[in-house]
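Novice: Below are the sequence and a predicted model for it; my questions follow.
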Amino acid sequence: MSAPHGDDGSARAIVAAFSANLGIALAKFVAFAVTGAASMLAEGVHSVADTGNQGLLFLGARRSKRPPTPKHPLGHGRERYFWSFVVAVVLFTAGSLFALLEGVEKLRHPHELESPVWAVGTLLVAFVLESFSLRTAVRESREVKGDLRWSAFIRHAKVPELPVVLLEDTGALLGLAFALVGVGVAEVSGNPRFDAVGSIAIGGLLAVIAFVLAVEMKSLLIGEGAAPAVQQQICDALEATAGVQRVIHLRTEHLGPDDLLVVAKIAVDPQMPSGETAAVIDRAEAAVRAEVPEARLMFLEPDVDRRMPARDMGGPT
């Protein structure tokens, strides 16, 4: 669930989402200017927030590629996690709160809809564009997702941009449905308060998505270990190396989607000369990187096998 060989498909998903959201935002604001529908304004602000969010994801991806410095010796890979967390904050403040406030205001002071056909037509066009964006995100996520269910992928993925785009696009489609129902019921019933209810529903939806994103990005920012299957790959590669008796303990932490820190204590023959021990460590590092390319930073400590009862891998991740 980390980036396979540096190409995780996130750039293509971001480009598709950015293009779709920019076009949709313009169309929604035109429709709002014509109709005065609160749900259209809420959706327009939602699309502007989503467009800005794609720019933040691009910024994070670019800054994460900066080389290590004395101040940041382990690199800048976590920039991608930080800016994805900022996306959650923007989605809540610029999207959710605005939609909720606008909905409450129009609920207290209803505004008759003008030219609802414009609103419906714009929403249908937006459905098409958002569906294209979601389709791209789903296609690019499949290789990284593997056999995981989509909910598990959102929870455990180390590539932050793909879950962000997936949740944003899914939320956008649901938000469009809320807006369409709100405008439609308001027009049929003659009660414009249903349009305000649609705006409130959009705000609540965005708040839920922002909360889920914030929780997942917080976990990545704090530091998550490699998936259990990846840890097993590392241990198998180490123990298959000539001269390594076994792995005593292992710690891993993602510094970025494709940048994994590996720290391990390995048991070697205590009678082995220091030069040969160094050669064993070199071979072990090469074996791990051949199996897990994202294990770029590795520290292996040779030790005497004291026959601990079980391999210590740092607990569940």
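Specialist: In hand now; what should we look at?
Novice: Residue ranges in this protein under the pLDDT threshold?
Specialist: Filtered on pLDDT under 70, the chain yields the residue ranges 1-9, 113, 308-317.
Novice: Okay, helices next: where are they in it?
Specialist: Secondary structure of the chain (DSSP state H): helices located at 10-35, 38-63, 79-90, 98-108, 116-145, 150-156, 161-189, 193-222, 228-239, 274-291.
Novice: So for stretch 283-301, what gets flagged as buried?
Specialist: Judged by neighbour count (16 or more other C-beta atoms under 10 Å), stretch 283-301 contains these buried residues: 284-285, 287-289, 292, 294-298, 300. Heads up, the C-betas are built off the backbone N, CA and C, glycines and all.
Novice: if we can go back for a sec, for Pro73, which of the helices of the chain is the nearest?
Specialist: helix 79-90 (15.0 Å; C-beta to C-beta).
Novice: hang on, the earlier thing: can you add distance to Lys265 and give the helices of the chain back as TSV?
Specialist: Listed next are the helices of the chain as TSV, based on distance: least, C-beta to C-beta, whole Å:
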stretch	distance to Lys265
helix 10-35	34
helix 38-63	34
helix 79-90	28
helix 98-108	52
helix 116-145	31
helix 150-156	26
helix 161-189	33
helix 193-222	24
helix 228-239	10
helix 274-291	12
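Novice: Next up, the contacts around the nearest residue to Lys218 once chain neighbours are set aside.
Specialist: Counting by C-beta to C-beta, 6 or more residues apart in numbering, the nearest residue to Lys218 once its immediate chain neighbours are dropped is Phe85, at 6.6 Å. Phe85 is in contact with 213-214, 217-218, 221, counting by C-beta atoms under 8 Å, 6 or more residues apart in numbering.
Novice: Restrict those to the buried ones and give me that as a PyMOL selection.
Specialist: Filtering the contacts of Phe85 down to the buried ones (16+ other C-beta under 10 Å) takes a single PyMOL command:
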select buried, resi 213+214+217
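Novice: a markdown table for the contacts of Phe85, including distance to Ala61?
Specialist: Rendered in a markdown table, the data for the contacts of Phe85 read as follows (distance: C-beta to C-beta, whole Å):
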| residue | distance to Ala61 |
| --- | --- |
| Leu213 | 17 |
| Ala214 | 19 |
| Met217 | 14 |
| Lys218 | 19 |
| Leu221 | 16 |
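Novice: quick check, nearest of the contacts of Phe85 to Gly44?
Specialist: Of all the contacts of Phe85, Leu213 has the smallest distance to Gly44: 21.1 Å, by C-beta to C-beta.
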